[in-house]
Structures are given as structure tokens and as C-alpha cells.
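In: here are the coordinates; sequence isn't available:
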């Protein structure tokens, strides 16, 4: 972990009094959260969040001497803007004020992110012993964790009991027998099946009880003396059809009524995840109305957002380690290049395989353009508009980041590229295949510039 110099730390996200010479006439604004009032010093004449991120990227690569650096000094690294996560939280509170977030740890288990989530008053959605430990290390009460794994390892189940993590999901009869044996005091959520056919990452193929067997499971839980306190569903990661939320909420209402008949006293609805940044307001409006229409105010509503919070907060910089000159197959008269980075799909670009993402390369430094610049500075002909394919460092042919991309510079060995929106399902699923590292430095900043956007809400 690397904390950037002269940039606000995570703690400064909450009370910011740091002085920077390019700020003028700061405006102080207060925002109420579950933990009280957060004071933010919003500077006038500040830099935009992306400018701050690019500054840190350039500062870091500027310290690397390619001819003399030690092994690993030129490894890929991140800049994480914790201010972006805070802005997403305020956006959530403005649009889904009734729904309490339980951050999906699996999406990005970075300890600094978890610490921020804890300070914002959020809960945690955990799926294993390790994730439970990470959440508890933030100092939260175990009641702020839901063990949202319908098919649990028995030793993990006993561990949850030891730690007092009572809330957990189930979707089958065998799970109820396990819980009866290992943690009969647990507070259970019946996870129901949803239609996630339009989602980026489908989950219904693996989890969820159909409505046909919901009543059977509720009766069995009652016979075993187990306490069912809620219903949960998940419309899939990266959902694209907001109507799936409406159908899922209606189904959950039916299960609530069935649970009452079976003798259970339900008090919580877990609406899962599936929230994307670009459709959030639309989805939030539809989900919020559905929840209000079908569930009275005394029913607690929680959710399990992951990528919504962190996807845009992380920017990855990677080093060009090799280049090959090839003919453009679509235009033999045109030069094209294969460039190789020191990170790929077995590393932080695992989101290409596991999360169906398409990271877009941008130039951070490029000697061929005559200066260190971002892709917004297009050099003059003849190097403008050069075509590339971008590959990772392993010996596997599937390790490709971009099959074809046009960049505004003649990228060569020693240059750096950067990729935005790399905070979700990247570091957490990286491997050490071929001996390449599965973790990289993170420079944490807090862009107060973006805090001014809060004033617009």
C-alpha cells in the first residue's frame, strides 16, 4: 500500500482541513450519514478528480528509471480515489435512502475500502471466513455482516457462530439441516430465484429457491425450530433490465406472506446487487417505488452493492515491456503493432474473463508523441492514429487485453498506459500464473474536487 504525499488520506475524507496553494476560498458543507455529520471543505479553483489521478500516475512513473530500476519497480500499480467512493455513497443516499448498503466484499476487498465503508455506516456482504475476518477487522459489530452464501462450508458456519455473525442466507433443505446442527441461533434469509437473463453475470443458474419450493423450505425451517427473518434475491451483476427488480420484489412479497403463515416473523428484505453506475438513477427509482408499494415502512430494506461503489474509483497504470511491428490485416499498407504490458488477464485484467469487461487503454507517457501526455493530447501525423493489439505478459495466447485499438501516439517499450474503471473484480481475482505478481501497489487519494459535486444533489 502506498499513500500519496500531499494528497488527502482516507481519514481526511471525513473532515478535510488540509491546505493546498491552488485552492481558493474553500466552502464548507455538511452531510448527514448514519455516523453523524461529515464536514467537507470544498475548494474553489480546484483540480478535477481525473486531473488529480493523472498527476499521481505521472508522479509515480516519473520515479522509475527503466535502465537501473530493481525487479518489480516498474510493475503495474493503481491510483484509488476514495473521494469517488464517497460520492457514490452520497448518490446512493439521495436515490435509495430507505435501502441500507451492505458492501459486497468479494468485489474489491481492499482494506482501505472496507475501512471507508465501515466509517460510512455500511454493512458487509461476506461469502467466506476470510471475508468475515476482513469485515470484522474494521471494528464493526457482527450485526453489520450478512453471510450471503447460500451453500456454506460447515467449519465456516461454526466460525460465524463463534464470531456472532447471525444473518445468513439459504436456498435448500440440506443447508437448513447444516444450520440446525452448527448454528441453530442463526437469523435466516430465504434466497429466492430471479430472472437474471439480461444481466452481465448471471447467478440464478447457481443460487436461489424457486417459488414452488419456498413454502416447503419455510415449513421445514419452522419444524427444525430455525428462525427465518427475511427474504433475499439477486438479479445478477450488471443488471440491464430494471423490470427484473419489480418482479423480484413482488415474488419476495409473496414469500413474506407464506412465511407468516408458516409461523415466521420476517422483518428484512435483501434486494441484492446488480447496480451499475450508468443506469443507477433509473434502477433506483423503479426499485424504490416497488419496495414502497409492496413493503410497509417497518420492514427493513438492505442491498449488496459492489461494483457500483468501487468500479470507477480505481485507475490502473501498466508498463509497455515489448513491441512487435506487424502488418495490419485489414490494410496491408498500414503499419500496426503488438504491444505487451506487464499485466494481463491472469492479473488485474482478470475482469475481461470473469466480469465481461472491456478495459480501454489510454496513453499516460509516450516518447513517440514528443511529450508525456494523456490520450487527450493527440500528436501530429504521421504517428497519430496508430493501431495496436495489446497483450499481457504471460506465455498464454488468451492473454489479450485489446485485439484492436487505435492510440494517438507511437507507443514503444518503456511507455505507460492507463486504464480507468478498474476497481471491480480485478485485483480480487488476479493469479500468479507464470510467476507474475498477483498484487500491486495502490496510491490512495481523496479528490475533494469531486466533493463539490455533492452540492449539486
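Out: Alright, I've got the coordinates. Please read these numbers as outputs of a predicted model, since none were measured by experiment.
In: Now find how far off-centre the lengthiest helix in the chain is within its chain.
Out: If you go by DSSP state H, the chain has its longest helix at helix 243-261. How far helix 243-261 lies from its chain's middle: 27 Å, per Cα atoms, centre = their mean, to the nearest Å.
In: Stretch 401-414 too?
Out: Taking Cα atoms, centre = their mean, one finds the center of stretch 401-414 at 27 Å from the center of the full chain.
In: got it, and stretch 433-445?
Out: 17 Å.
In: and it, how far apart are its ends?
Out: Terminal residues of stretch 433-445 are spaced 30 Å apart (Cα to Cα, to the nearest Å).
In: what pLDDT, on average, does it get?
Out: What stretch 433-445 shows for mean pLDDT is 81.
In: Can you name every helix or strand that the longest helix of the chain contacts?
Out: Counting contacts by 3 or more Cβ pairs under 8 Å, 6 or more residues apart in numbering; DSSP states H and E, helix 243-261 is packed against helix 211-223, strand 227-232, strand 268-270, helix 280-294. For the C-beta atoms, the positions are set from N, CA and C on the backbone; glycine is no exception.
In: so what does the biggest strand by length in the chain touch, helix or strand wise?
Out: Secondary structure of the chain per DSSP state E: the longest strand is strand 314-328. Packing partners of strand 314-328 (3+ Cβ pairs under 8 Å, 6+ apart): helix 49-61, strand 77-81, strand 331-341, strand 416-419.
In: rank these by pLDDT, which is bottom?
Out: Least confidently modelled of the helices and strands packed on strand 314-328 is strand 331-341, at a mean of 82 by mean pLDDT.
In: I'd like to check the angle between that strand and strand 314-328, please.
Out: Per axes from the mean of the first three to the mean of the last three Cα atoms, to 10 degrees, the angle that strand 331-341 makes with strand 314-328 is 140 degrees.
In: what are the ranges of the helices in the protein?
Out: Under the criterion DSSP H, the chain contains helices at 49-61, 82-95, 111-119, 129-136, 154-163, 173-182, 211-223, 243-261, 280-294, 307-310, 351-354, 448-451.
In: Tell me which of these sits most buried.
Out: Mean neighbour count (mean count of other Cβ atoms under 10 Å) peaks for helix 307-310 among the helices of the chain, with a mean of 28.
In: which secondary structure elements does that one contact?
Out: Packing partners of helix 307-310 (3+ Cβ pairs under 8 Å, 6+ apart): helix 82-95, helix 111-119.
In: just checking, what packs against the first one?
Out: Based on contacts counted as 3+ Cβ pairs under 8 Å, 6+ apart, the elements that helix 82-95 packs against are strand 24-33, strand 99-104, helix 111-119, helix 280-294, helix 307-310, strand 442-445, helix 448-451.
In: roughly how far is it from the heart of the chain?
Out: Relative to its parent chain, helix 82-95 has a centroid offset of 13 Å by Cα atoms, centre = their mean.
In: same question for that helix, mean pLDDT?
Out: 96.
In: In a markdown table, list the helices and strands packed on helix 82-95 along with distance to residue 357.
Out: Listed next are those as a markdown table, based on distance: least, Cβ to Cβ, whole Å:
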| stretch | distance to residue 357 |
| --- | --- |
| strand 24-33 | 30 |
| strand 99-104 | 16 |
| helix 111-119 | 18 |
| helix 280-294 | 18 |
| helix 307-310 | 10 |
| strand 442-445 | 19 |
| helix 448-451 | 23 |
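In: rewinding a little: for residue 266, which of the helices and strands packed on strand 314-328 is the nearest?
Out: Nearest to residue 266 among these is strand 77-81; the distance by Cβ to Cβ comes to 38.2 Å.
In: so what strands line up beside the closest one?
Out: Counting by DSSP bridges, the strands paired with strand 77-81 are strand 314-328 (antiparallel), strand 442-445 (parallel).
In: Which stretch among these is buried most, on average?
Out: Burial of these is given as mean neighbour count (mean count of other Cβ under 10 Å); strand 442-445 ranks first at a mean of 22.
In: Now do the domain split for the protein, please.
Out: As assigned by automatic domain parsing, the chain contains the domains 52-80+311-445, 109-305.
In: which of the ones you listed has the lowest average pLDDT?
Out: Among the domains of the chain, domain 52-80+311-445 carries the lowest mean pLDDT, a mean of 83.
In: what about that one, how long is it end to end?
Out: Taking Cα to Cα, domain 52-80+311-445 runs 8 Å from one end to the other.
In: same question, stretch 434-442
Out: Across stretch 434-442, the terminal residues are separated by 22 Å (Cα to Cα).
In: Tell me the buried residues in it?
Out: 436, 440, 442 (16 or more other Cβ atoms under 10 Å).
In: What's the local residue count around the closest residue to the last one other than its chain neighbours?
Out: Closest residue to residue 442 apart from its sequence neighbours, by Cβ to Cβ, 6 or more residues apart in numbering: residue 78 at 4.5 Å. The burial metric for residue 78, expressed as a neighbour count using other Cβ atoms under 10 Å, is 27.
In: if we can go back for a sec, redo the helices and strands packed on strand 314-328 as CSV? Include distance to residue 185.
Out: Below are the helices and strands packed on strand 314-328 laid out as CSV (distance: least, Cβ to Cβ, whole Å):
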stretch, distance to residue 185
helix 49-61, 46
strand 77-81, 38
strand 331-341, 50
strand 416-419, 46
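In: Tell me how far the residue most central in space within the chain lies from residue 275.
Out: Closest to where the C-alpha atoms of the chain average out (Cα atoms, centre = their mean) is residue 307, at 3.0 Å. Distance, residue 307 to residue 275, using Cβ to Cβ, to the nearest Å: 8 Å.
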